[in-house]
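Asker: Here is a sequence with its predicted model. Questions after.
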Amino acid sequence: MSPQPLDKSSGGDRKPVTVPQIAEMKRAGEKIVMVTAYDYPSAQMVDEAGVDIVLVGDTAAMVVLGYDATTPVGMEEMLTMASAVRRGLEHPLLIGDMPFGSYEGSNEQAIANAQRFVKEAGCEAVKLERGGPSVDRARAIVRSGIPVMGHVGLTPQTASALGGFKAQGRTAETAAKLTEEALALQSVGCFAIVFEAIPSAVTEALMPKLEIPVIGIGAGPATDGQVLVLHDLLGVYAGHKPKFVKRYANLRGESLKGLRAYADDVRAGRFPNEEEHTYSIPRKELEDFARYLEDEALVGIETPWDW
């Protein structure tokens, strides 16, 4: 009788996911599940759900911090969020997203900031966007001993230069450019690449050319795995919903129901309930406290903030 596959959703005897394991999953034809998350409770949930890779993405600038683009978020904010995610994870591979301005200046800058993700936040790898000059940065980081995930297609950090948040590679010329960027990132040692907002047919044509795992987001079903932002797939974020997002829950709607019910209960005097939501004090202690209030002249008593 052949062994049964491990049920990742139940925890089982799962071990931490590694970079070599991601490569093995591609070779075995096993789909890779990746989620973008930004905090401790989210990390705990995706871990328990059996996700393979967690990306602390710079999309946090928009879905968590309230900016209208990814570019304003910096290293300190990314490190804070990555550290929180690290504390909530046991099994998934953790990747830190190199924010805009953290790697473009020089190889030395790129290596130093990638090292911060590893040393200060406990990430096992980093991700950077685009080909071109980013290929040199990826090579330098890989040579420093840190695994790198590439990212081509719609790259949010340069969305304005690409004409906005829209699909890329819809002409033969731009599809060829995507191919060159992906192959260049592979050639310098990236262990995987994200394809974002690329026509499904283009992705399907490119897959046989790539030896490393490809994670898709709006790039069709032919990729080795898929990634979605936690706040998108669970319906937490109320902003723009890209075409490639599938909503698996409506947590924002459920949260609003709960918040409105709470507000109604407070205003109506139903919360807190004396029996369920309050603490007790022994009767004798309460009587002693009552005598204290009656006997002491409380006016003028010095308090710590008067010292």
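Answerer: Happy to help now that I have it.

Asker: ok, which stretches of this structure are helices?
Answerer: 19-28, 40-48, 60-63, 75-88, 107-121, 133-143, 172-187, 200-206, 230-233, 251-268, 283-295 (DSSP state H).

Asker: Output the contacting helices and strands for the second one.
Answerer: Contacting helix 40-48 under the criterion 3 or more CB pairs under 8 Å, 6 or more residues apart in numbering; DSSP states H and E are the following elements: strand 53-56, helix 75-88, helix 230-233. Heads up, the C-betas are built off the backbone N, CA and C, glycines and all.

Asker: Ok, which of those comes nearest R137?
Answerer: Among the helices and strands packed on helix 40-48, the nearest to R137 by CB to CB is helix 75-88 (14.7 Å).

Asker: between the closest one and helix 40-48, what angle do the directions make?
Answerer: For helix 75-88 against helix 40-48, the angle by axes from the mean of the first three to the mean of the last three CA atoms, to 10 degrees is 50 degrees.

Asker: I'd like the distance from helix 75-88 to the chain centre, please.
Answerer: Averaging C-alpha positions (CA atoms, centre = their mean, to the nearest Å) puts helix 75-88 10 Å from its chain's average.

Asker: mean confidence for that helix?
Answerer: Per-residue pLDDT values over helix 75-88 give a mean of 98.

Asker: by contact count, what packs against that helix?
Answerer: helix 40-48, strand 53-56, helix 60-63, strand 93-97, helix 107-121.

Asker: Could I get the buried residue list for that helix?
Answerer: Buried positions in helix 75-88, judged by neighbour count with 16 or more other CB atoms under 10 Å: M75, E77, M78, L79, T80, M81, A82, S83, A84, V85, R86, G88.

Asker: Identify the residue spatially nearest to the last one, adjacent ones excluded.
Answerer: By that I understand G88. Once flanking residues are discounted, G88 sits nearest to A43: 2.9 Å by CB to CB, 6 or more residues apart in numbering.

Asker: Distance to F100 added to the helices and strands packed on helix 40-48, as a markdown table?
Answerer: A markdown table is the format used below for these (distance: least, CB to CB, whole Å):
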| stretch | distance to F100 |
| --- | --- |
| strand 53-56 | 15 |
| helix 75-88 | 10 |
| helix 230-233 | 20 |
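
Asker: which stretch among the ones you listed comes nearest P272?
Answerer: helix 75-88 (29.8 Å).

Asker: Now do the closest residue in space to Q44 that isn't next to it in sequence against Y38, distance only.
Answerer: Leaving aside its sequence neighbours, Q44 sits nearest to G88 (CB to CB, 6+ apart; 4.3 Å). Distance of G88 to Y38, computed by CB to CB, to the nearest Å: 10 Å.

Asker: Over to M62?
Answerer: 11 Å.

Asker: Which one of those two is surrounded by more residues?
Answerer: Y38 (26 against 21; other CB atoms under 10 Å).

Asker: what's around G220, how many residues?
Answerer: 17.

Asker: per-residue confidence at it?
Answerer: pLDDT, G220: 95.

Asker: go on, G11?
Answerer: Value for G11, per-residue pLDDT: 55.

Asker: Also H240?
Answerer: 71.

Asker: ok, it - how many residues close by?
Answerer: H240, neighbours per other CB under 10 Å, totals 10.

Asker: Pick out the shakiest of the helices and strands packed on helix 75-88, pLDDT-wise.
Answerer: Taking the mean pLDDT of the helices and strands packed on helix 75-88, helix 60-63 comes last: a mean of 92.

Asker: For G101, which non-adjacent residue is spatially closest?
Answerer: The shortest distance from G101 to any non-neighbouring residue, by CB to CB, 6+ apart, is to G74 (7.2 Å).

Asker: so how far is E285 from that neighbour?
Answerer: From G74 to E285 the distance is 52 Å (CB to CB).

Asker: ok, now G101?
Answerer: Taking CB to CB, one finds G101 at 59 Å from E285.

Asker: and these two? which has more neighbours close in?
Answerer: G101 (15 against 10).

Asker: Hmm, M78 and that one touching each other?
Answerer: No: counting by CB atoms under 8 Å, G101 does not reach M78; the two are 11.1 Å apart.

Asker: so where's the protein shaky on pLDDT?
Answerer: 1-12, 156-166, 296-307 (pLDDT under 70).

Asker: Would you reformat the helices and strands packed on helix 75-88 as JSON lines and include distance to R260?
Answerer: Formatted as JSON lines, these follow (distance: least, CB to CB, whole Å):
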{"stretch": "helix 40-48", "distance to R260": "22"}
{"stretch": "strand 53-56", "distance to R260": "32"}
{"stretch": "helix 60-63", "distance to R260": "22"}
{"stretch": "strand 93-97", "distance to R260": "35"}
{"stretch": "helix 107-121", "distance to R260": "37"}
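
Asker: between the ones you listed, which gets nearest to P147?
Answerer: Closest among the helices and strands packed on helix 75-88, using CB to CB: strand 93-97, at 8.4 Å.
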